[in-house]
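> Following is a predicted model, sequence given first.
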Amino acid sequence: MTSQVFDAIVVGSGISGGWAAKELCEKGLKTLVLERGRSVRHVTDYDTALKDPWQLPYNLKASNEDRKKQPVQSTLYLYDQSTKQFFVDDVANPYVQDRPFTWYRGYQVGGRSLMWARHVFRYSDLDFEANLREGVGVDWPIRYADLAPWYEKVERFIGASGENSGLPQLPDQVLQPPFDMNALEKHLRAGIAKAYGDRKLICSATAVLSREHKGRGPCQGRNQCARGCPFSAYFSSNGVTLPAAAATGNLTLQPDAIAHSLVYDEARKRVTGVRYVDAHTKQVAEVSARLVFLCASTLNSTAVLLNSRSSRFPDGLGNDSGQLGRNLMDHHNGAGATATYSGLRDRYYRGRRSTSMYIPRFRNVTTREAKFTRGYAYEVYSWRGHWTRGVDGPGFGADFKNEITRPGEWTLYTEGYGETLPNPDNRMWVSKDETDAFGLPKIAVSMAYGPNEAAMETQMRDDVVEMLEKAGLENVQGFLRETVPGFVIHEMGTARMGRDPKTSVLNAHNQVHAAPNVFVTDGSCMPSSPPQNPSLTYMALTARAADHAAAQLKSGAL
Amino acid sequence: MPVTRRSFLLGSSVLMAHAAIGDVMAAFAAAPRKATFLSDAELATLRALVDVILPATDSPAASAADTHYFIDLALPACASAEAVTAFRAGLEALGRQGFAGLAPDAQASLLKARVDADLKLPYDQSFFRILKDYTLTGYFMSEIGATQALAYERVPGGYEGDRPLQPGQKAWALQ
């Protein structure tokens, strides 16, 4: 492999890397994808996908041995005997929590695109203009108009279902028909519409197919997406972008290759390739290309840059601004509510829907809050009580069994997802003296939520309690709990885009300012953290950057 | 939906490939069971207990789904050392009272006598809470529990969000 010269190297094969590979390959570039983890073939390697609970160890329960190997990963709601194979071994892949940070990772072909929560929303100019308007962080170097055609391109290719809100803060998208609302959701939707002019309940835009699309899907109602989908009904790199890239004949996919750093040629003043560690032999090798896309996920992409030291870049490649590693963000979801509803006893549902309902942002949209800036949106989940309601409490015996095996009361759970302001003190760095088993410097993380997030959370709880009560739900209980950074798995920032090389790492096309043949298009590029789920934006930014890269190669600018 | 559930299942080579798993599991289920962790006496007490919690109704009792064997296997693998100790102490106490040999009413009274106190304890120290957790998981996630006591569809074929509750409808095993 090392003897071959590629046009492009993509580091990482998750949501962003898969898109980079597809776009670059389709533009005729010979592209090498370096993936640090093992190969996972679409469908063939989804070993647990169609197993019944009793066909898996301990009827799905995680074991003590699992928790010992995966002490961080096993805290995730998704983690059980059917999904654990897609989460990283925490012991073999250590990182330093300078402050508590739950880092959920998927080291395999497809990365976390196999287990993601599939919500795909657009950002609007309310989001892109926020930093500038408030003098926070740096201004996004792009606006909605720059990204809109790329959002559309991505949506048309991946196939997503859901409901357009018609609200300017949540731009309309190209969507298949939404999944049904259940009876309680219809009730809540009507109640919110009646009580508020600016708030609504809609079915989340989700990269799950409600209709057949390009030979994939439709969704079969399993709600077991994170095992891998044998019906290709949700979007993953494995099922969608990597096959498209491979179909061009231009793709070389190299699993078990852990990127260490970029190779910088001081004389030519450009990056000439990638240095990587073979995960099996632990040998270091170099591979060359005309351009590099870093799509290794936020912390790992930035670590590759920080590990790329030279006399030109003593503090990491592209770190002239000193901002590399800084402004780490994640959403916070510590506030929400639970409720029940005693009516609609004669309604039920069939199948398992793999998405949520959504209440789009309404705070700081047309007016300005006194106590906090930015905003939040809610995911809403509801169901009729099932057997798990019997686990706690005193019941046992025949009457108890009859009761818990019948559909119970309607129950609702909702939590808000709030924006976090960029703060240079929230950061990651690479250890100077500690390395992991592969010889890579350990990544250290230090992040805490600030006063704006705390003020927002109180309102986030109170608003949803009020909405549920106005809609006539019962036993409405608001909650406020601490969010451990990383918990929402929307870690972003640390190599932000910006207009000025003195204050940012990347330009408007995700190119490293001082090394323009290096593109960084995953979550690390984010100058702010709008409350909508971010993956669609990473895909759109990646497609846009790949188009720019190919054009610049062609014109000789790169 | 353009593809019906039936035509989809019949046409899916993926499902056909995975169908063999069922045969393997059936062979496993038919093999004679033996406790691997608990003593014979503990297992006998446990067998009686799971049936007090989930007796035969319009669906089989917990022991018919080998729930006691599930607990024998899953408890040492999944529970904390503290929980295992608390659980065995609870089994032993009931064993001393000859629990397995008592009439169902007497068994229910004996178990009920410790419910209130046990519910006040943290999970890892609470015999009753551990017992409920493992009994319900063991039974409702077993083939008998999921398909007879509850309603289960491995591949539902789609999602229908709002429909009338069917007569005799059981709750879905999975959400």
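Arrived safely. Numbers count the residues shown, from 1 in each chain, chains lettered A, B, ... in the order given.
> make it CA atoms for all contacts and neighbour counts henceforth
OK.
> Helices along the chain, start to end?
In the absence of a named chain, chain A is used. A:15-26, A:64-69, A:125-128, A:130-134, A:144-158, A:183-195, A:242-247, A:298-306, A:398-404, A:451-470, A:535-555 (DSSP state H).
> that's the other chain; I wanted chain B
Counting by DSSP H, the helices of chain B are B:5-11, B:13-30, B:40-53, B:67-78, B:81-96, B:104-119, B:127-140, B:143-144.
> now for those helices, which one comes closest to A:Thr458?
For the helices of chain B, proximity to A:Thr458 was assessed by CA to CA; helix B:104-119 is nearest, at 31.8 Å.
> which parts of the stretch 401-550 of chain A sit against chain B?
A:Lys401, A:Asn402, A:Ile404, A:Thr405, A:Arg406, A:Pro407, A:Gly408 (CA under 8 Å from any CA of the partner chain).
> hang on, the earlier thing: deepest of the helices of chain B, which one?
helix B:127-140 (a mean of 23; mean count of other CA atoms under 10 Å in any protein chain shown).
> Give me the packing partners of that helix, helices and strands only.
Where contact means 3 or more CA pairs under 8 Å, 6 or more residues apart in numbering or on different chains; DSSP states H and E, helix B:127-140 is packed against helix B:40-53, helix B:67-78, helix B:81-96, helix B:104-119.
> give me the low-pLDDT residue ranges for chain B?
Low-confidence segments of chain B (pLDDT under 70): B:1-32.
> middle-most residue in it, spatially?
Central residue of chain B (CA atoms, centre = their mean): B:Tyr139, 1.6 Å from the mean position.
> With adjacent residues omitted, what lies nearest to that one?
B:Gly145 (5.1 Å; CA to CA, 6 or more residues apart in numbering or on different chains).
> Check whether the one you found really touches B:Thr67, as I assumed.
No - with contact defined as CA atoms under 8 Å, B:Gly145 does not reach B:Thr67; the gap is 9.6 Å.
> which residues are common contacts for those two?
B:Tyr139 (CA atoms under 8 Å, 6 or more residues apart in numbering or on different chains).
> now the helices and strands packed on helix B:127-140 as JSON lines including distance to chain A?
What follows is the helices and strands packed on helix B:127-140, written out as JSON lines (distance: least, CA to the nearest CA, whole Å):
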{"stretch": "helix B:40-53", "distance to chain A": "4"}
{"stretch": "helix B:67-78", "distance to chain A": "4"}
{"stretch": "helix B:81-96", "distance to chain A": "10"}
{"stretch": "helix B:104-119", "distance to chain A": "6"}
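> of these, which approaches A:Asn238 most closely?
Per CA to CA, nearest to A:Asn238 of those: helix B:67-78, 32.0 Å.
> Can you name every helix or strand that the closest one contacts?
helix A:64-69, helix B:40-53, helix B:127-140.
> Let me see the contact set for the spatially closest residue to A:Gln283 that is not a sequence neighbour.
Nearest residue to A:Gln283 in three dimensions, chain neighbours excluded: A:Val277, at 5.6 Å (CA to CA, 6+ apart). Taking CA under 8 Å, 6+ apart, we find A:Val277 in contact with A:Ala257, A:Ile258, A:Ala259, A:His260, A:Gln283, A:Val284, A:Ala285, A:Phe438.
> Skipping its backbone neighbours, what lies nearest the fourth one in space?
Going back to what we said before, that points to A:His260. Spatially, and ignoring its direct neighbours in sequence, A:His260 is nearest to A:Tyr276 (4.9 Å; CA to CA, 6+ apart).
> Isn't the one you found up against A:Pro255?
No - look at A:Tyr276 against A:Pro255 with CA under 8 Å: they stay out of range, at 11.3 Å.
> neighbours around residue 145, how many?
All of this refers to chain A. 10 (other CA atoms under 10 Å in any protein chain shown).
> oops, I was thinking of chain B
26.
> need the contact list for it.
B:Ser59, B:Pro60, B:Ala62, B:Ala65, B:Tyr139.
> quick one: the residue nearest to B:Tyr139 from A:Asn223, how far?
20 Å (CA to CA, to the nearest Å).
> Check A:Ser297 too.
When CA to CA is the yardstick, A:Ser297 and A:Asn223 sit 25 Å from each other.
> How confident is the prediction for A:Gln4, by pLDDT?
Listed pLDDT for A:Gln4 reads 76.
> can you pull the contacts of A:Pro177?
Each residue near A:Pro177 by CA under 8 Å, 6+ apart is listed here: A:Ser161, A:Gly162, A:Glu163, A:Ser210, A:Arg211.
> What lies in contact with stretch A:344-356?
A:117-119, A:179, A:182-184, A:203-204, A:206, A:208, A:220-225, A:379-381, A:384, A:409-410, B:153, B:156-165, B:174-175.
> Just give the number of residues close to A:Asp80.
22.
> tell me the contacts of it?
A:Leu60, A:Lys61, A:Ala62, A:Ser74.
> again, only using 10 Å
Contacts for A:Asp80 (CA atoms under 10 Å, 6 or more residues apart in numbering or on different chains) come out as A:Leu56, A:Pro57, A:Tyr58, A:Asn59, A:Leu60, A:Lys61, A:Ala62, A:Ser63, A:Asp66, A:Gln73, A:Ser74, A:Arg227.
> now A:Ala289
Contacts for A:Ala289 (CA under 10 Å, 6+ apart) come out as A:4-10, A:30-32, A:271-274, A:517.
> number of nearby residues for A:Arg41?
When neighbours are counted by other CA under 10 Å, A:Arg41 registers 12.
> sorry, that was for A:Val445
When neighbours are counted by other CA under 10 Å, A:Val445 comes out with 24.
> I'd say it and A:Trp103 touch.
Yes - the pair A:Val445 / A:Trp103 is scored as a contact, 9.5 Å apart, by CA atoms under 10 Å.
> Next, show the common contact partners of those two.
A:Tyr95, A:Gln97, A:Leu299, A:Pro485, A:Gly486.
> of those residues, buried ones?
A:Tyr95, A:Leu299, A:Pro485, A:Gly486 (16 or more other CA atoms under 10 Å in any protein chain shown).
> Not counting its neighbours along the chain, what's nearest the third one?
What it means is A:Pro485. A:Phe101 (5.1 Å).
> tell me which parts of the stretch 1-150 of chain A are close to chain B?
Contact residues, the stretch 1-150 of chain A versus chain B (CA under 10 Å from any CA of the partner chain): A:43-44, A:47-67.
> ok, A:Lys214 - contacts?
Neighbours of A:Lys214 in contact, by CA under 10 Å, 6+ apart: A:Phe157, A:Ile158, A:Gly159, A:Val240.
> tally of neighbours for the residue lying closest to A:Asn402 once chain neighbours are set aside?
Leaving aside its sequence neighbours, A:Asn402 sits nearest to B:Thr57 (CA to CA, 6+ apart; 7.5 Å). Counted with other CA under 10 Å, residues neighbouring B:Thr57 total 13.
> I figured B:Thr57 hits A:Glu403, correct?
No - with contact defined as CA under 10 Å, B:Thr57 does not reach A:Glu403; the gap is 11.3 Å.
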